[in-house]
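[1] compute the structure for the input listed below.
(chains A and B)
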Amino acid sequence: MGITGTLALQAVQAILAVALAPLLTGLVRKMKARLLCRLGASIFQPYRDIFRLLRKEVVLAPNASWLFSGVPYFVCAATWVAAMLVPTFTFDVRLAPAADLIAIVGLLASARFALALAGLDVGTSFGGIGASREMMIASVAEPAMLMLIFSLALVAGTTRLPDIAAFVQSPALGLHISLMLAFVGLVMIAVAENGRIPIDNPATHLELTMVHEAMVLEYSGRHLALIELASSMKLLLYVSLVSAVFLPWGIASDGASAAQYGVGTLLYLAKLFVAANLLGFFEVTVAKMRVFRVPQFIGAALMLGLLAALLRIVSESL
Amino acid sequence: MITLADIIVDAAAGQWPRVPVSADLWDLAGQQLAAGTWTLVAHWGEPTTVHAALREPATGTTGILSLDATNGHFPSLGRYAPAARRLERTIRDLVGLEPEGAPDLRSWLDHGRWDVRHPLGVQVPAVAPEPYRFLPVDGEGLHQIPVGPVHAGIIEPGHFRFTASGETVVRLEERLGYVHKGIEGLLLGAPLDRAAKLAGRASGDSTVAYAIAFAQAVEAACGVSVPLRAAYLRAIMLELERIANHVGDIGAVCNDAAFSLMHAHCAIMRERVLRAADLAFGHRLMMDRVVPGGIAKDIDQKGKSHISKLLAQIGKQFPALITIYEDTASLQDRTVRTGMVRHDLVAQFGAGGYVGRASGRSFDARKNFPCQPYETLDFEVPTLERGDVDARVRIRIREVEQSLSLLRQLLAQLPEGDIWVPIIPRLAEGSTLVEGFRGDIFAWVRMNEDGTIARCHLRDPSCFQWPLLEVAIDGNIVADFPLCNKSFNCSYAGHDL
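    Numbers count the residues shown, from 1 in each chain, chains lettered A, B, ... in the order given. Okay, here's the model as predicted:
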């Protein structure tokens, strides 16, 4: 497909990331509500919340610096770029050569760093607590993520997402223990990175237990809308990432027909739906863990990554 | 060694005889409190007198000591007994009597926002409030986290000042008094029916327990004994209230560990209890159903069957919920060994309810002050030793089971007869202790001859539980505070009164 075609597909993928992200959040909430015998809000409620926040005025602390009001735009932009890099329904997009796992991790890490700075900026105690907890989690989650990427790279020989997916899709792939371990590890990291139960509770009102929510407690109006949107996009990103790497079936490859794009889109939506339900179900069945248990949880993911890499090396030398 | 019985031996009969004492005996009481041989039950003031209700755990003797404080001073009991300190600060704020030698003279309920000072004593115009000084904490790398008084959830207001080293709490200091409603002031001179309503609103979730406490104090003062049917119906309401609150609390504790499944199912069960109460007694919380002299509304056969149906339903569903609580490892990991309270502290403060019983203090007003109908009923007072969040949840679970059994017995034995007798007012005083769901509620009433209230004091069980929360969180992490706080579930309204 020509440059215009891939550009158009890239634009579609970017719009999909923004357009579908609140729906995914809404689906997870709906699933949780139904499991708790509640009717729950409509799955479109997150859209309404974002539009409501966009209309509201911004309340700024008097001592907030330019950093505080600038960070939401940066966080949203960085997360959006990262989200549009992850293949959703096709690999044939303009930025496919840049769809590198390390680039995605870098974008998310800078967004997180900016948000932690903003949390510290206004000087409230909750912002500080949230920022320090977020950084504590990041300091173990990011190495674990890189370890997993490393083991994937060992298996597939690349860190580019389309190539990894092509490798997983290839009929030559047999039963791969390393890939399975990496899959479990990546799901654990996804839970931790998105601040879901058991790491953090996105629905809590208890300031003292918050991680991500404590950092953004001072935000309001359009700033909060951007941050909420960024959180939703991050969740979408991780779901897309896990499905693109481990369940890439149905994703249209280069030069596919219109029907294949259609199938790719439908399968992608189905994957999102299944992921939302699984996440909702999982969140209802576990309690949140103590803050100091989080490194152990993520440490397990790190160990899975390490094990995957080791097994790969051992099996290669045999 | 002198015993409480030695002091009150001459006093008239009754469970709570009040005896005027000299300053020496008052001081001796303080020493006995410090030694732990006596427990403070309540401590309150009048414009020229201070009272201390005491109990001797070894013998079960109870009595009220009164010290003349016409000169505006009284020797502090807080020097000896930490449990008395906040009560003395309350006396100082409300009545204006100065506790001599008290270790802490900061204001407690009076935040400088009232029109007058000493609303229950000699009123003087308010002055500009001094800034409240929190206790200093020294150390390297410590930081403070102020929380409240306005919280994110729909809960009552209270301020918590944490000093933390990283995530670990070094000290928690509470500041309460934001919901002072002046109930005791409103009760001054109130006619009996209005007074009963006011007392029932001291703490909304314990409205039945407060109404019973007030009614029993009035009945003790006027020498009235209520008909047996009324006593049974009161007990039915009290146990329904206990079940509703305990079940709600069990779910809420789990919800604070982000385990919403229990919360949802417990909320449904609590709602069932409230609806059954509504059908049987005409009010979900059974507010204003207990009046001095008996109860306001009788229950019919239909109401009885509603409660029986409820008991059958809960009896079936409750064990399944408890299995979820006990079998969820992630939840147990949060509750076990979190927020521990030692037995000696519980005994020193005389903390009642699940807070006391989870740390091995078996006091229960239904057993220790048996009255109709509890003395003829078969029930146990569960106790545990560990004193952590898990123990407080498990005490609630066992108490729900006991209350279910009590309700079955009460319904089966419910006698026929009157539900109300008139109160013939006289100039007299009466006191009582009633076991609400949080613990023992103390009520003291002085009646006028015309049937109005001359003076009344209500002491919430939370008064002796709030200080222990400060201890429970020590050495825990900041993020575990909501869990500890919910497992205590102290009343702000009842404490601030």
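[2] so for the one helix or strand residue B:66 maps to, mean pLDDT?
    Following DSSP states H and E, the helix or strand that holds residue B:66 is strand B:61-68. Mean pLDDT, computed over strand B:61-68, is 92.
[3] chain A contacts on the stretch 51-200 of chain B?
    Applying Cβ under 8 Å from any Cβ of the partner chain, one finds that the stretch 51-200 of chain B approaches chain A through B:143-147, B:151-153, B:167. Where C-beta positions appear, they are placed from N, C-alpha and C, glycine not excepted.
[4] let's see that with 7 Å instead.
    Selection of the stretch 51-200 of chain B residues close to chain A by Cβ under 7 Å from any Cβ of the partner chain yields B:145-147, B:152-153, B:167.
[5] turn those residues into TSV, including pLDDT.
    Formatted as TSV, the entries for these read as follows, by pLDDT from 0 to 100:
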residue	pLDDT
B:145	91
B:146	91
B:147	90
B:152	79
B:153	77
B:167	88
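[6] show the buried residues in those.
    Among these, the ones that count as buried by 16 or more other Cβ atoms under 10 Å in any protein chain shown are B:145, B:147, B:167.
[7] okay, and the closest residue in space to the second one that isn't next to it in sequence sits in which element?
    By that I understand residue B:147. Spatially, and ignoring its direct neighbours in sequence, residue B:147 is nearest to residue B:160 (4.5 Å; Cβ to Cβ, 6 or more residues apart in numbering or on different chains). Under the criterion of DSSP H and E, residue B:160 resides in strand B:159-165.
[8] give me the residues contacting the helix or strand just after that strand.
    Moving toward the C-terminus from strand B:159-165, the next helix or strand (DSSP H and E) is strand B:168-175. For strand B:168-175, contacts defined as Cβ atoms under 7 Å, 6 or more residues apart in numbering or on different chains pick out B:132, B:134-135, B:137, B:139, B:142, B:158-164, B:466, B:470, B:473-478.
[9] kindly report the residues of the stretch 201-350 of chain B close to chain A.
    For the stretch 201-350 of chain B, the residues in contact with chain A (Cβ under 7 Å from any Cβ) are B:256-261, B:264, B:268, B:328, B:330-331, B:333-334.
[10] now, those residues that are in helices?
    Secondary structure assignment by DSSP state H places B:256, B:260-261, B:264, B:268, B:330-331, B:333-334 of these in helices.
[11] thinking again about what came up before, quick one: contacts of the strand holding residue B:160?
    For strand B:159-165, the surrounding residues in contact (Cβ under 7 Å, 6+ apart) are B:134, B:137, B:141-149, B:169-175, B:478.
[12] distance from it to the middle of the chain?
    Here the centre of strand B:159-165 is set off from its chain's centre by 25 Å, with Cα atoms, centre = their mean, to the nearest Å.
[13] so where does residue 235 fall, helix or strand?
    This is for chain A. When elements are defined using DSSP H and E, residue A:235 is found to belong to helix A:221-246.
[14] other chain: chain B
    Taking DSSP H and E as the definition, one finds residue B:235 inside helix B:228-256.
[15] packing partners of that helix?
    Contacts defined by 3 or more Cβ pairs under 7 Å, 6 or more residues apart in numbering or on different chains; DSSP states H and E place helix B:228-256 against helix B:207-222, helix B:260-281, strand B:294-295, helix B:389-413, helix B:481-488.
[16] circling back to that earlier point, by neighbours, which of the residues of the stretch 201-350 of chain B next to chain A wins?
    Within those, most neighbours by other Cβ atoms under 10 Å in any protein chain shown means residue B:257, with 31 neighbours.
[17] so which bits of stretch A:134-145 are buried?
    Residues of stretch A:134-145 classed as buried by neighbour count (16+ other Cβ under 10 Å): A:134, A:136-138, A:140-142, A:144-145.
[18] got the CA coordinates for it in PDB?
    What follows is stretch A:134-145, C-alpha atoms only, in PDB (Å, rounded to 0.1, in the frame of the first residue of the first chain):
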ATOM      1  CA  GLU A 134       4.200   5.600  41.800                       C
ATOM      2  CA  MET A 135       8.000   5.900  41.500                       C
ATOM      3  CA  MET A 136       8.500   2.900  43.900                       C
ATOM      4  CA  ILE A 137       6.300   0.800  41.700                       C
ATOM      5  CA  ALA A 138       7.900   2.200  38.500                       C
ATOM      6  CA  SER A 139      11.400   1.400  39.800                       C
ATOM      7  CA  VAL A 140      10.500  -2.300  39.800                       C
ATOM      8  CA  ALA A 141       7.900  -2.400  37.000                       C
ATOM      9  CA  GLU A 142      10.100  -0.900  34.400                       C
ATOM     10  CA  PRO A 143      13.100  -3.300  34.800                       C
ATOM     11  CA  ALA A 144      10.600  -6.100  34.800                       C
ATOM     12  CA  MET A 145       9.000  -4.800  31.600                       C
END
